[in-house]
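J.: coords below, sequence missing:
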């Protein structure tokens, strides 16, 4: 999916794989990370032996998401679950950007009024209003940074568990 220039889309995915060896699968994942700029942000390792499960969260540049995801599906093992979700936040992002522009304009006007204010009452009233506007600006800038962080990178959770097929095979001899 090619994004239009300027669009802001959050992409996340998850994939579960049954593998013969978890440590080998983790090394294969690290090799895919090297190819696409993936960075492991979290590892949850539980159980032991054949009951071991490892869940790894990887941060990937959003423009490499599809390639990275397809490469994961090629890892040795059986994919038992795969999911990709996208959320277009472009409209909200544009709204935040325009509100920020307006608030900064109001801030400039208030600073101008403050410079001309003569009475203590006027100065205090303008400063109160200026504090409110600056608080709103900070809040919108924080929201904008959050969207940037969520749309510049995607997060993929990869779960590995041991494929138990072929383990504990008991041969029952047929006795007529």
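T.: The structure has been received and is ready for your questions. Since this is a predicted model, take the numbers as computed values, not measurements. Residues are numbered from 1 along each chain as shown.
J.: can you name the next helix or strand after the longest helix seen in the chain?
T.: Secondary structure assigned by DSSP state H gives helix 120-152 as the longest helix of the chain. Sequence-wise, the next helix or strand downstream of helix 120-152 (DSSP states H and E) is strand 153-162.
J.: distance between that following strand and the chain's centre?
T.: Centroid separation for strand 153-162 versus its chain: 12 Å, with CA atoms, centre = their mean, to the nearest Å.
J.: just checking, what packs against that strand?
T.: strand 9-19, helix 22-36, strand 53-61, helix 65-73 (3 or more CB pairs under 8 Å, 6 or more residues apart in numbering; DSSP states H and E). Quick note: C-beta positions are derived from backbone N, CA and C, even for glycine.
J.: out of those, which is closest to residue 119?
T.: strand 9-19 (49.5 Å; CB to CB).
J.: which elements pack onto that closest one?
T.: helix 65-73, strand 78-88, helix 120-152, strand 153-162.
J.: most tightly packed of those?
T.: Neighbour counts (mean count of other CB atoms under 10 Å) averaged over each of the helices and strands packed on strand 9-19 peak at strand 153-162, with a mean of 21.
J.: measure how it sits relative to strand 53-61, angle-wise.
T.: Computed with axes from the mean of the first three to the mean of the last three CA atoms, to 10 degrees, the direction of strand 153-162 lies at 160 degrees from that of strand 53-61.
J.: listing partners with orientation, what would you give for strand 153-162?
T.: strand 9-19 (parallel), strand 53-61 (antiparallel) (DSSP bridges).
J.: what's the longest one in contact with?
T.: The one in question is strand 9-19. Here strand 9-19 makes contact (CB atoms under 8 Å, 6 or more residues apart in numbering) with 3, 25, 62, 65, 69, 72-73, 75-90, 150-151, 154-165.
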